[in-house]
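K.L.:
pasting the structure only:
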């Protein structure tokens, strides 16, 4: 717990600093030879730093997935899954969004479909290059898993960043991670009744309830902060009330816990507790992102539905 309390604030400060840089870049004019990067304006497009950060995090997550799959008896290649995950973040970041909000506009659907097909067939070719078909199908499936799970779905965070504001995107991240922290500390303090023992022995019902309450409170705090300090950043979400904000918080926190459990299925199958040790007190990159991979798409849909 001490390492989590020490390293957690450092991670938050680093992340906020990078997102500040992302925001600053949107006020800087593009060089004449790079105007194609932003068909909607003369400045650097929003989300570039987030996209780069996502590709790095996705690549690391792909590496961890490769280790987990090999522990499950699937001959996943580390470099291949690393590349597949980073490629997934890039494709998801370029294609996710409503209409022209996608960086590639009307080409979003065809590009995403073609990219997925490319991963499937290139993976097959990669794993049969030595004329050995044993395990090739499972290893190729692992690459597609990394492409989607650690890649494409993170594009929804980038879409939220572009379609709303960096503040709204940050609110999503902090609500989901607040639920993680609330569940962890509540479960540690008073947790007694196991949630799903055979998937994640450490999770409890008390922890889940504490996490959901924390997420709901953070949802209301985020709306209050936006309305009182940064009303222009809320955009169409300014019409939400505090009850709706709490509901969004609870939903995002709950689905984030489901994402955490989905990662636990892979880790328990591999016989490990954490996916890695790159983040002191938290484990691996997969351990950090598992709650966001499902909650980011849900957040995007909720915002569009509830804000009309």
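P.N.:
Good, I have the coordinates. Keep in mind the model is a prediction, meaning the values are calculated, not measured. Numbering: from 1, shown residues only.

K.L.:
where's the closest residue to residue 180 other than its chain neighbours relative to residue 84, distance?
P.N.:
Excluding the flanking residues, the one nearest residue 180 by Cβ to Cβ, 6 or more residues apart in numbering is residue 291, at 5.5 Å. Heads up, the C-betas are built off the backbone N, CA and C, glycines and all. Here the distance between residue 291 and residue 84 works out to 21 Å (Cβ to Cβ, to the nearest Å).

K.L.:
out of the two, which sits in the busier spot?
P.N.:
The neighbour comparison of residue 291 against residue 84 (other Cβ atoms under 10 Å) goes to residue 84, with 30 against 27.

K.L.:
I figured the more buried one was touching residue 65, is that so?
P.N.:
No - with contact defined as Cβ atoms under 8 Å, residue 84 does not count as touching residue 65 (9.2 Å).

K.L.:
common neighbours of the two, please.
P.N.:
Common neighbours of residue 84 and residue 65 (criterion: Cβ atoms under 8 Å, 6 or more residues apart in numbering): residue 146.

K.L.:
just checking, what packs against the lengthiest helix in the chain?
P.N.:
In the chain, taking DSSP state H as the definition, the longest helix is helix 242-270. Judged by 3 or more Cβ pairs under 8 Å, 6 or more residues apart in numbering; DSSP states H and E, the packing partners of helix 242-270 are helix 48-71, helix 166-190, strand 200-204, helix 205-229, helix 292-306.

K.L.:
got TSV for the ones you listed, with mean pLDDT too?
P.N.:
Converted to TSV, the helices and strands packed on helix 242-270 look like this (pLDDT from 0 to 100):
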stretch	mean pLDDT
helix 48-71	93
helix 166-190	91
strand 200-204	80
helix 205-229	92
helix 292-306	90
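
K.L.:
could you dump those into JSON lines with mean neighbour count and distance to residue 251 added?
P.N.:
As requested, the helices and strands packed on helix 242-270 are exported to JSON lines (neighbours: other Cβ atoms under 10 Å; distance: least, Cβ to Cβ, whole Å):
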{"stretch": "helix 48-71", "mean neighbour count": "23", "distance to residue 251": "23"}
{"stretch": "helix 166-190", "mean neighbour count": "22", "distance to residue 251": "10"}
{"stretch": "strand 200-204", "mean neighbour count": "18", "distance to residue 251": "18"}
{"stretch": "helix 205-229", "mean neighbour count": "20", "distance to residue 251": "8"}
{"stretch": "helix 292-306", "mean neighbour count": "20", "distance to residue 251": "7"}
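
K.L.:
including distance to residue 158, could the ones you listed go into a markdown table?
P.N.:
Below are the helices and strands packed on helix 242-270 laid out as a markdown table (distance: least, Cβ to Cβ, whole Å):
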| stretch | distance to residue 158 |
| --- | --- |
| helix 48-71 | 6 |
| helix 166-190 | 8 |
| strand 200-204 | 29 |
| helix 205-229 | 19 |
| helix 292-306 | 9 |
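
K.L.:
fine by me, we can end here.
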